[in-house]
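S.K.: structure, please.
(chains A and B)
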Amino acid sequence: MTALRTTEGFSFTITASDRRTGARTGILTTPHGEVATPCFMPVATQATVKAMTPDEVADLGYRMVLANAYHLWLRPGVEVISAAGGLHHFMGWDGAILTDSGGYQVMSLGKDVKITPEGASFRSHLDGSKIFLSPEDSMRIQSALGADIAMALDECLPYPAERGRLQRSLDLNLDWARRCLAAHDNPRQALFGIVQGGSSADLRASSAARMAELDFPGYGLGGLSVGEPRELTLEMIELSLAELPQDKPRYLMGVGDLLGLAESVARGVDLFDSVLPTRIARNSSALVASGRMNLRNAAYREDPRPVDETCGCYACRSFSRAYLRHLVMAKEILGFHLLTVHNLFQLEKLTRDLRAAVASQSVGALLDSLAAREVE
RNA sequence: GGAGCCGUGGUGUAGCCUGGUUUAACACACUGGCCUGUCAAGCCAGAGAUCGCGGGUUCGAAUCCCGUCGGCUCCG
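M.R.: The predicted model follows:
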């Protein structure tokens, strides 16, 4: 195996740890700048954080976003992005980019999916044509896109999944991970492996332990937050992290609610992504400590208060719930934009608060106050 | 004065001719829920009209007949 063991311009340094929880802070150095962890990555599936300009995303404090290899491969095509000088240049984002391999799409798009040892064959969600994605394909695509961090192609199973299925998937994922390492040839790109195992404790631990042996520069925790209860998610995180090296970044894939993120940080997770903040914004909901606020509700028709009086975002500083409700009821784009701004602000602020709490050894207190907060 | 057309939930309509698959359908609006490595400015669900009104025919009428009220159009 000729795997790249070092990546130019990439490193991860832990700067502090909370003594009473597993939380830690770090600096993730990438070819496109440093990223303070714990960090949330807004999702830019189609090379755009929906409803936001790159400047707005950066102004909120974000230094890294997630894009999707599968979607960009199908449209506009890798050639287009290569010709434009790579994904960063194409989308006008000079911060770091992590690309997802397409493994999740195989599950979520789910039409005529056939997983073989060679790869995944399924139908394009755009035109129904049959397509095939192998670990090597995903590496080639992500390398061409030029992401700072690429993810190994994995098989992500829905919840609940049969044990036998999970077991077979575990071996397949190990094999695919090795092939991704072997195929990965972009020296300016780090490649993360992905721990699977569903919600089965021993399979989860086994997947983590065997992935750890492959010595990736970072690890994703995949197949979580796909419908299983929160306690189970947290248990799987603990089991996985126990098997992974302390000094490598750990990335929990797909968690974007405030409490869930904070509880995961307390267990040692460094990176997150989720469509939740941006998607629910476009579906009229604001992220609040206690969960979500649906601005379509009639209760806010004449409510002069901001979404959250303690929030410093542009939307909360400038507009009432009544106005936001009016905008989303009228399906005005501005309403969805403002809610996206608020939701991304909340997540970035939470990670900032968590970083400060690690430095001051007060992660537990922050968690307690977050759980106790009710915005109504 | 005469003739014709129309009157169905909040709004706009379908059903009427060829009564019974109508516990009256659809769209929008309204109310609520959902969304977590984005096929998602989306999806799901709910409330809401006994069909202008009265009478008749019929086993059965939103549907047929008569009358009446209201609106519109045309002719005088």
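S.K.: how far off centre is stretch A:365-376?
M.R.: With CA atoms, centre = their mean, to the nearest Å as the basis, stretch A:365-376 stands 23 Å off its chain's centre.
S.K.: identify each buried residue in it, please.
M.R.: Using 16 or more other CB atoms under 10 Å as the test for burial, stretch A:365-376 gives A:366-367, A:370, A:375. Placement of C-beta: from N, CA and C, glycine included.
S.K.: pick the one among those closest to A:D257.
M.R.: Ranking the buried residues of stretch A:365-376 by separation from A:D257, with CB to CB as the measure, puts A:L370 on top at 11.0 Å.
S.K.: pretty sure the closest one contacts A:L261?
M.R.: No - in this structure, A:L370 is not within contact of A:L261 by CB atoms under 8 Å, at 9.7 Å.
S.K.: now do the shared contacts for those two.
M.R.: A shared contact of A:L370 and A:L261, defined by CB atoms under 8 Å, 6 or more residues apart in numbering, is any residue touching both; here these are A:L350.
S.K.: and the one residue sitting closest to the centre of chain A, what pLDDT?
M.R.: Centroid-nearest residue in chain A, with CA atoms, centre = their mean: A:D273, separated by 1.9 Å. The score at A:D273 is 98. That number is its pLDDT.
S.K.: so A:L252: helix, strand or coil?
M.R.: For A:L252, the reduced secondary structure class is strand; criterion used: DSSP: H, G, I helix; E, B strand; the rest coil.
S.K.: could you do A:L153 as well?
M.R.: A:L153 - assigned by three-state DSSP - is coil.
S.K.: can you get me a residue count around it?
M.R.: 30 (other CB atoms under 10 Å).
S.K.: got the residue ranges for the strands in the stretch 101-250 of chain A?
M.R.: For the stretch 101-250 of chain A, the strands defined by DSSP state E, counting those that start in this stretch cover A:114-116, A:119-123, A:130-133, A:149-151, A:190-195, A:219-221, A:250-253.
S.K.: need the contact list for the residue nearest to A:E238 when sequence neighbours are not counted.
M.R.: The shortest distance from A:E238 to any residue other than its chain neighbours is 5.5 Å, reached at A:R267 (CB to CB, 6 or more residues apart in numbering). By CB under 8 Å, 6+ apart, the contact set of A:R267 is A:21-23, A:234, A:237-238, A:241.
S.K.: redo that, cut-off 6 Å
M.R.: Going by CB atoms under 6 Å, 6 or more residues apart in numbering, A:R267 touches A:22, A:237-238.
S.K.: for A:A322, same thing?
M.R.: Taking CB under 6 Å, 6+ apart, we find A:A322 in contact with A:302-303.
S.K.: which SS class is it?
M.R.: Applying three-state DSSP: A:A322 is helix.
S.K.: what are the ranges of the helices in the stretch 251-376 of chain A?
M.R.: In order along the chain, the stretch 251-376 of chain A carries the following helices (DSSP state H, counting those that start in this stretch): A:258-265, A:276-282, A:314-318, A:321-329, A:333-359, A:363-372.
S.K.: closest one to RNA strand B among these?
M.R.: Distance to RNA strand B, taken as CB to the nearest atom of the strand, is lowest for helix A:276-282 among these, at 3.5 Å.
S.K.: can you list contacts of the closest one?
M.R.: A:50, A:256, A:287, A:336, A:339-340, A:343-344, A:347.
S.K.: any chance of those residues in CSV, plus distance to RNA strand B?
M.R.: CSV is the format used below for those (distance: CB to the nearest atom of the strand, whole Å):
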residue, distance to RNA strand B
A:K50, 4
A:G256, 4
A:L287, 10
A:F336, 5
A:L339, 10
A:T340, 8
A:N343, 10
A:L344, 10
A:L347, 10
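S.K.: and the residues you listed, which is closest to A:L133?
M.R.: The shortest separation between A:L133 and any of the contacts of helix A:276-282 is 23.9 Å, and it belongs to A:K50 (by CB to CB).
S.K.: please name the nearest non-neighbouring residue to that closest one.
M.R.: Ranked by CB to CB, 6+ apart and with sequence neighbours excluded, the top spatial neighbour of A:K50 is A:T278, at 5.3 Å.
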